[in-house]
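>>> no letters, just coordinates:
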């Protein structure tokens with residue numbers, strides 16, 4: 001049986017099947033313990049309660065395939081499966097048959113194409129061009145860059161979020177340098193700014209990872225130890241050394257990358273020391289804050305919560321009661337057919 005089939009059954013109907021364990025929690029006390037499992041397959045997810053659990057026995061782990069026989073139940077109008085300990089054991093179904101692995105969204109490929117066009121049009125420095133192509137000509141890098149989220153939670157925390165955030169930061173930097181402050185930005189300053197905007201978060205490809213089974217985003221061991229700024233800087237410097245990029249150019253990019261989060265309290269390694277550094281940090285902050293609000297709207301749609309939702313990134317409740325209106329009536333719909341932003345889309349998931 002699939003989860004979808006079980007959900008359609010009446011209460012007290014016997015059920016069976018094999019499912020992926022996404023959550024496992026031991027509950028109870030004084031010799032009366034049970035397991036609360038979140039199980040899933042490609043058709044959906046459902047909670048299962050394993051009664052009379054023997055705490056001296058090994059319980060299922062997240063990522064295991066569980067094979068069970070139980071009864072379709074319901075608690076406070078929420079469907080569940082009731083299982084007696086002894087009627088659940090390790091399954092033998094391949095995980096691939098139970099999981100929909102994340103795929104690169106169409107908008108992410110469009111963003112990547114737009115990034116490449118922008119670099120091709122704006123970069124004239126041969127070293128910067130070769131440095132960028134070192135990464136973007138690598139098919140493995142391209143697929144990872146297009147798929148990755150920009151965060152575990154908060155802004156752009158969905159497949160394709162990283163490349164979308166990157167494209168927006170590049171556009172913001174381009175606008176600030178070319179349209180607002182062209183009298184202050186030098187040609188080499190502009191090109192290093194655009195290059196650094198493209199690769200400022202490249203360390204997130206190593207800092208973050210998708211769980212190989214559940215597809216959930218988590219921090220890697222190196223990501224927790226070093227953070228994406230240092231990991232990205234090292235990755236860029238390694239490529240520069242292979243390509244023979246001049247040291248002064250590497251230093252320019254270094255200053256931008258290590259300072260792109262703006263302030264030490266935001267975990268940047270060094271606060272910006274140049275105009276270009278200030279522009280990049282401001283662009284990164286601007287798009288991340290808008291992304292935080294986007295996540296709040298998406299969370300409202302998923303959870304059906306109240307008009308005000310607590311957003312951790314802001315540390316306060318934000319008004320999201322107009323989410324339906326924003327979805328129904330927005331500028332993207334007004335400019336359909338004239339859309340110039342490949343990162344704009346109605347659904348980021």
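Nice, I can see it. Nothing here was measured: the structure is a model prediction, and the numbers come from that model.
>>> from residue 253, how far out is residue 245?
As for residue 245, its distance to residue 253 is 9 Å (criterion: CB to CB, to the nearest Å). For the C-beta atoms, the positions are set from N, CA and C on the backbone; glycine is no exception.
>>> nope, residue 204 is what I was after
For residue 204 relative to residue 253 (CB to CB), the value is 17 Å.
>>> what of residue 269?
Distance from residue 269 to residue 253, counting by CB to CB: 14 Å.
>>> same question for residue 307.
For residue 307 relative to residue 253 (CB to CB), the value is 44 Å.
>>> list the helices and strands the strand or helix carrying residue 146 packs on?
Per DSSP states H and E: residue 146 is located in helix 139-147. Counting contacts by 3 or more CB pairs under 8 Å, 6 or more residues apart in numbering; DSSP states H and E, helix 139-147 packs against helix 106-122, helix 126-136, helix 161-174, helix 204-207.
>>> so who does residue 16 touch?
With contacts defined as CB atoms under 8 Å, 6 or more residues apart in numbering, the neighbours of residue 16 are 1, 68-70.
>>> could you pick out the buried ones from the residues you listed?
Those of the contacts of residue 16 that meet the buried threshold are 1, 68, 70, by 16 or more other CB atoms under 10 Å.
>>> and the angle from the helix holding residue 146 to helix 106-122?
120 degrees (axes from the mean of the first three to the mean of the last three CA atoms, to 10 degrees).
>>> quick one, helix 139-147 and helix 126-136 angle?
If you take the same axes, to 10 degrees, helix 139-147 sits at 80 degrees to helix 126-136.
>>> what's around the residue lying closest to residue 101 once chain neighbours are set aside, how many residues?
Using CB to CB, 6 or more residues apart in numbering and skipping residues adjacent in sequence, the residue nearest residue 101 is residue 215, 6.2 Å away. Close neighbours of residue 215, defined as other CB atoms under 10 Å, add up to 13.
>>> next up, the contacts around residue 215.
So residue 215 contacts 99-102 (CB under 8 Å, 6+ apart).
>>> for it, helix, strand, or coil?
coil (DSSP: H, G, I helix; E, B strand; the rest coil).
>>> check for me that residue 37 belongs to a helix.
No - secondary structure of residue 37 (three-state DSSP): strand, not part of a helix.
>>> for the residue nearest to it when sequence neighbours are not counted, give me the pLDDT.
Excluding the flanking residues, the one nearest residue 37 by CB to CB, 6+ apart is residue 48, at 4.5 Å. Looking at residue 48, its pLDDT is 95.
>>> what do you get for the one 5 residues further on?
According to the prediction, residue 53 has pLDDT 91.
>>> do I have it right that it meets residue 34?
Yes - with contacts defined as CB atoms under 8 Å, residue 53 counts as touching residue 34 at a distance of 5.2 Å.
>>> need the overlap of contacts for the two.
Counting by CB under 8 Å, 6+ apart, the shared contacts of residue 53 and residue 34 are 26, 28.
>>> what about these two, which has more around it?
Each of residue 53 and residue 34 has its neighbours counted (other CB under 10 Å); residue 53 has more, 22 against 18.
>>> look up phi and psi at that one.
phi -70, psi 130 (degrees, to the nearest 10).
>>> out of the helices and strands packed on helix 139-147, deepest packed?
Highest mean neighbour count among the helices and strands packed on helix 139-147 (mean count of other CB atoms under 10 Å): helix 161-174, with a mean of 25.
>>> can you list the neighbours in contact with that helix?
The set of residues external to helix 161-174 that reach it, using CB under 8 Å, 6+ apart, is 107-108, 111-112, 114-115, 118, 122, 145-146, 148-151, 155-156, 193-194, 197-198, 200-201, 204-205, 279-280, 282-284, 286-288, 291, 341-343, 348.
>>> how about a cut-off of 7 Å?
107-108, 111-112, 114-115, 118, 145-146, 148-150, 156, 193-194, 197-198, 200-201, 204, 279-280, 283-284, 286-287, 291, 343 (CB atoms under 7 Å, 6 or more residues apart in numbering).
>>> and that helix with helix 106-122, angle?
Orientation check (the same axes, to 10 degrees): helix 161-174 against helix 106-122 gives 30 degrees.
>>> so residue 310 touches residue 317, yeah?
Yes - using CB atoms under 7 Å, residue 310 makes contact with residue 317 at a distance of 5.1 Å.
>>> pLDDT below threshold where in this structure?
Where the chain drops to pLDDT under 70, the residues are 212-214, 300-305, 334-341, 343-349.
>>> just the strands in it please.
Here the chain has its strands, by DSSP state E, at 14-29, 32-41, 44-53, 65-75, 78-84, 88-90, 208-210, 217-219, 308-311, 316-319.
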